[in-house]
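Asker: Okay, sequence plus prediction incoming.
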Amino acid sequence: MPEQLSIGDEFPDIALETAEGRVSLRERWEQGPLVVAFERHFG
């Protein structure tokens, strides 16, 4: 079973590749609230 975050846990250090380059979600989170959405493309 995947690990789950609990209230008070530190934001995980996740980096994603984007069209603009590598993005660290932890760094973005430190700047303010962050919404992460994943979309699957069929076709």
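Answerer: That came in fine, so what should we check first? Numbering: from 1, shown residues only.

Asker: The closest residue to Ala15 other than its chain neighbours and Glu39, how far apart?
Answerer: Excluding its sequence neighbours, the residue lying closest to Ala15 (Cβ to Cβ, 6 or more residues apart in numbering) is Ser24, at 5.1 Å. Just so you know, the C-beta spots here come from the backbone N, C-alpha and C atoms, and that holds for glycine as well. When Cβ to Cβ, to the nearest Å is the yardstick, Ser24 and Glu39 sit 21 Å from each other.

Asker: Show me which of the two is the more surrounded one.
Answerer: Ser24 (12 against 4; other Cβ atoms under 10 Å).

Asker: And that one, its phi and psi?
Answerer: phi -90, psi 120 (degrees, to the nearest 10).

Asker: Likewise for Thr18?
Answerer: According to degrees, to the nearest 10, Thr18 has phi -130, psi 180.

Asker: Use 480 as the first number for this chain going forward.
Answerer: Sure, I'll start numbering at 480, so the last one becomes Thr497.

Asker: and it, how many neighbours does it have?
Answerer: 8.

Asker: One more: the one 5 residues further on?
Answerer: Using other Cβ under 10 Å, Val502 has 12 other residues around it.

Asker: Kindly report the same for Leu484.
Answerer: Look at Leu484: counted by other Cβ under 10 Å, it has 9 neighbours.

Asker: so who does it touch?
Answerer: Counting by Cβ atoms under 8 Å, 6 or more residues apart in numbering, Leu484 makes contact with Pro491.

Asker: quick check, Arg507 in a strand?
Answerer: No - judged by DSSP: H, G, I helix; E, B strand; the rest coil, Arg507 forms no part of a strand; its state is helix.

Asker: Cys492: what's its closest spatial neighbour, skipping adjacent residues?
Answerer: If you look again at residue 492, you'll see it is Asp, not Cys. That would be Arg505: by Cβ to Cβ, 6+ apart, it lies 4.9 Å from Asp492.
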